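In: Requesting a structural model of the entry that follows:
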Amino acid sequence: MKEKLTFGSVCSGIEASQLAFATFGYEQLWSSEIAEFPSKVLNHHYPDIPNLGDMTELPEMILQGKVQAPDLFCGGTPCQAFSLAGWKNGLADKRGQLTITFIEIANAIDEIREKEEKDRSIILWENVEGVLNDRTNAFGNFIAGLAGFDDEIKVNKWTKSGYLEGPSRNVAWRVIDAKHFGLPQQRKRLYVLAGGKDFRPDQVLFEFDTRNIVTTLKTKKQDKLNENVFNLFSESTPKKEKIVENVFYKDNTKFEIFREYTDCLYAAYGTKWNGNAAAYNGSLYIAQEDRIRRLTPLECERLMGFPDNYTSVNGNSHTNRYQAIGNSWAVPVVKWIGCQIDNFLKQKANQEITCWYKSTKKTSNNLDADLFLLDNVISISQKLYLNSSAIPNVPIESTIKDIVQVDNVPEKFYLSPQACRGILRRKAERNMKMNAQLEKLMTEISLIEKKLIEA
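Out: Presented below is the predicted three-dimensional model:
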């Protein structure tokens, strides 16, 4: 495969992959997006890259030579229920049609590439980690179809990382959390990487090191607990911990944060921002000059690793921007995967494959396939570990303080005293827990009008 890769994407959204892969000089041949606003963003930033629209038309277009077959194919389709056996018999479940189409596009690309005497394409697929627990075994159907099996692959329970060798492709997957890649957002996503039989996605997606990163971070976490300092890697704030330096100044503007990182940014943020968990744990709120506000679209762009005002194009609304950003990929994570791919390909001729098979047992499955279900970190030898956890070997920390917007914050983003009273009332009615700092400030704001009347 040539040094400068070409790639194409489906369910392209606002093209996080373009931003991530551009670093390595990869050339995008086409995208595929039908939603109106994301399409506007694509046209604004990448007018020379054709947006092919409906991805269901791509297999035929590729086979007919109307669209080039790229070196790398990526996307994140909705992974709803579908039957691989049904697909093979022409009885595809409509709910999983886009996932089936994704496999069909990959197969069409490789059919053309074989005729052109090229290697099979590299395939990258992203989804929510919940697909691993889907009752219809959507994940087992997907990776089996990608690997080239005629039937779904079944196991008792899918783990958050693993490796499968199939008749057509090798497949690896790993759940990765963006909060360890310099983004102050807990965003766990499943990444599936596949390629031909001469491609080893396990050597790309997994990491090998002389230390156990999970154990190392747990030790650091305990040290911080002993020092009574809040840490980035906790799911919540234990009672023993204190949040330090939660009040800070930026360009002479006072800010207060309620957590070091946010919950996962979602597409509905901006429309349902005051009635969900984020309204109580403080994860998507900032206090600016003692007034509570939600995160702005600019701050959300920063939470995902996009350039400032990337989604501020003609015809946008704040809701449009929130939805497009929340539906996208975390750019630094995809960039890291791109870097791993780039390094593997550059060293391919002299690549030393790290053999880890003997360190774990093959997982029993209905197809008797070479399947390995992994769990975070495994010891390969006394001096080497395989890391398939949500944390990379070189984690990068960040906090909400790094992404705050100082100037030109619209008034509409601030909570009024009435809104504060409503949130506090729902909190009491539902007997919900609330971030103590947030509740204190929200209570003070809710009483402002009453104090003015009494004065």
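In: Buried residues, the helix or strand hosting residue 372. List them.
Out: Assigned by DSSP states H and E, residue 372 falls within strand 370-374. Residues of strand 370-374 classed as buried under the neighbour-count rule (16 or more other CB atoms under 10 Å) are 371, 372, 373, 374. Bear in mind the C-beta positions are built from the backbone N, C-alpha and C, glycine included.
In: per-residue confidence at the third one?
Out: Okay, so that is residue 373. Per-residue confidence (pLDDT) for residue 373: 98.
In: For it, give its distance to residue 124.
Out: In this view, residue 373 and residue 124 are 21 Å apart by CB to CB, to the nearest Å.
In: Over to the last one?
Out: In this structure, residue 374 and residue 124 are separated by 19 Å, where distance is defined by CB to CB.
In: now do the first one
Out: In this structure, residue 371 and residue 124 are separated by 20 Å, where distance is defined by CB to CB.
In: Over to residue 132?
Out: Distance, residue 132 to residue 124, by CB to CB: 17 Å.
In: Tell me which of those two has more neighbours.
Out: Remark: of residue 132 and residue 124, residue 124 carries more neighbours, 27 against 20, as counted by other CB atoms under 10 Å.
In: Run through the strands of the stretch 301-450 of the chain in chain order.
Out: 370-374, 377-381, 384-387 (DSSP state E, counting those that start in this stretch).
In: As CSV, those with distance to residue 255 would be great.
Out: Listed next are those as CSV, based on distance: least, CB to CB, whole Å:
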stretch, distance to residue 255
strand 370-374, 41
strand 377-381, 37
strand 384-387, 35
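In: hey, least reliable of the ones you listed by pLDDT?
Out: strand 377-381 (a mean of 92).
In: Would you mind listing where the stretch 51-200 of the chain has pLDDT under the threshold?
Out: For the stretch 51-200 of the chain, the stretches with pLDDT under 70 are 79-83, 85, 88-95.
In: switch the cut-off to 90
Out: 77-99, 134-136, 138 (pLDDT under 90).
In: which parts of the helix or strand in which residue 60 is found are buried?
Out: Following DSSP H and E, one finds residue 60 within helix 58-63. Going by neighbour count (16+ other CB under 10 Å), the buried part of helix 58-63 is 58, 59, 62, 63.
In: how about CSV for those residues, with distance to residue 154 added?
Out: Formatted as CSV, the buried residues of helix 58-63 follow (distance: CB to CB, whole Å):
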residue, distance to residue 154
58, 29
59, 27
62, 31
63, 31
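In: Can you tell me which of the residues you listed is nearest residue 347?
Out: residue 62 (29.7 Å; CB to CB).
In: In this protein, spot the helix with the most residues.
Out: Longest helix in the chain, counting residues (DSSP state H): helix 97-115.
In: and that one, what other elements does it pack with?
Out: Counting contacts by 3 or more CB pairs under 8 Å, 6 or more residues apart in numbering; DSSP states H and E, helix 97-115 packs against strand 6-10, helix 58-63, strand 72-75, helix 138-147.
In: Which SSE is immediately downstream of it?
Out: Helix 97-115 is succeeded, C-terminally, by strand 122-128 (DSSP H and E).
In: From the contact counts, what lies against that following strand?
Out: Other helices and strands packing on strand 122-128, by 3+ CB pairs under 8 Å, 6+ apart, are strand 72-75, helix 138-147, strand 188-195, helix 331-346.
In: could you redo those as CSV and give each row distance to residue 216 and mean neighbour count?
Out: CSV is the format used below for those (distance: least, CB to CB, whole Å; neighbours: other CB atoms under 10 Å):
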stretch, distance to residue 216, mean neighbour count
strand 72-75, 31, 26
helix 138-147, 30, 25
strand 188-195, 20, 23
helix 331-346, 19, 20
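In: looking at those, which is closest to residue 84?
Out: helix 138-147 (4.3 Å).
In: Send me whichever helix or strand comes after that closest one as PDB with only the CA atoms.
Out: Downstream of helix 138-147, the first helix or strand assigned by DSSP H and E is strand 161-165. Output of strand 161-165 as PDB, limited to C-alpha atoms (Å, rounded to 0.1, in the frame of the first residue of the first chain):
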ATOM      1  CA  SER A 161     -11.700  -5.300  23.200                       C
ATOM      2  CA  GLY A 162     -10.800  -8.300  21.200                       C
ATOM      3  CA  TYR A 163      -9.500  -9.800  18.000                       C
ATOM      4  CA  LEU A 164     -11.000 -12.000  15.300                       C
ATOM      5  CA  GLU A 165      -9.400 -13.700  12.300                       C
END
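In: Perfect, that will be all.
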